[in-house]
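# need coordinates for the below:
(one chain, ligands or ions: 1)
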Amino acid sequence: MKLQGEPQGERVVSTPYGEPSSPIRFVAVKGQIFALIFRHGLEGSTPPHRINYRANIEALASLGVKGIIGINSVGSLKEGIPPGSLVVPDDFLCLWSSVTFFDDRAFHVVPRLDEGLRSALIDAAKRAGFEALDRGVYVQTIGPRLETKAEVKFLGMIGDVVGMTMVHEAVLCCERGIPYASLCTVDNYAHGVGKGTLGQEQIRAMARQNAEKVARVLKELRL
Ligand code: HPA
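Okay, here's the model as predicted:
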């Protein structure tokens, strides 16, 4: 994802949880400073199950960021949400794995996505000329494999999109008290949904197109 703006340098941040996925890159856009972390690494080579989510969120928290926006690639669980769509989820589900800052005491955060950031993303998408879907349930699977058709059928009963990264980030942000929302790019129909071929190449090609949309939306963000 390219964020067009004035480059403001880069910083390597260490955390008690280890190294974040990438150095933090600072970009000024219309007077606002964005701090970017590339969760899959600068080369995109870190698979979702190997991402150090705690280090990433802790690194951004240590900078005192006001909020975090995840840009998350997803597959669509619904025929009515075609590849190329943008979705700003309002809820999420991940029943099979968890990541937490609370390893040594019992603390049970109430997980949610931030309504202020969600509205800002939906408005920014409108200004950029896109109709982002303004709600939806994001289901996180473990990865790195895609889902089977049976799994997609099951997940589609409750969810709208499926990905491998957003929930861990959202939950850790809730635990740190940092507002979090996500702009999801629908890069494919999930396995067995819609027509067409599902494969890495198709997903990558659509992700490249969607990355340009994301850059335009972020340019229009007013926080
Ligand atoms: N499944 C899980 N994660 C994804 C998908 C998918 O189909 N597409 C992009 N991320």
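# identify the bridge partners of the closest residue to the ligand within the chain.
Minimum separation of the chain from the ligand (Cβ to the nearest ligand atom) falls at residue 75, amounting to 2.3 Å. (Glycine included, C-beta is placed from N, CA and C.) Using DSSP bridges, the beta-bridge partners of residue 75 come out as residue 162, residue 188.
# equivalent analysis for residue 24, please.
Under DSSP bridges, the beta-bridge partners of residue 24 are residue 11.
# count of residues packed around it?
The local packing of residue 24 (other Cβ atoms under 10 Å) involves 20 other residues.
# near the ligand, which residues of this protein are found?
73-75, 141, 146-147, 162-164, 187-188, 190, 203 (Cβ under 6 Å from any ligand atom).
# now these in TSV, with pLDDT and neighbour count?
Putting the residues of the chain next to the ligand into TSV (pLDDT from 0 to 100; neighbours: other Cβ atoms under 10 Å) gives the following:
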residue	pLDDT	neighbour count
73	97	24
74	98	30
75	98	26
141	98	22
146	97	18
147	97	20
162	98	26
163	98	27
164	98	23
187	98	25
188	97	26
190	98	28
203	94	16
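# mind giving me the packing neighbours of the lengthiest helix in the chain?
When the chain is parsed with DSSP state H, its longest helix is helix 200-219. On a contact count with 3 or more Cβ pairs under 8 Å, 6 or more residues apart in numbering; DSSP states H and E, helix 200-219 meets strand 68-76, strand 86-87, helix 115-127, strand 180-189.
# including distance to residue 105, could those go into TSV?
Output for the helices and strands packed on helix 200-219, formatted as TSV (distance: least, Cβ to Cβ, whole Å):
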stretch	distance to residue 105
strand 68-76	24
strand 86-87	35
helix 115-127	28
strand 180-189	22
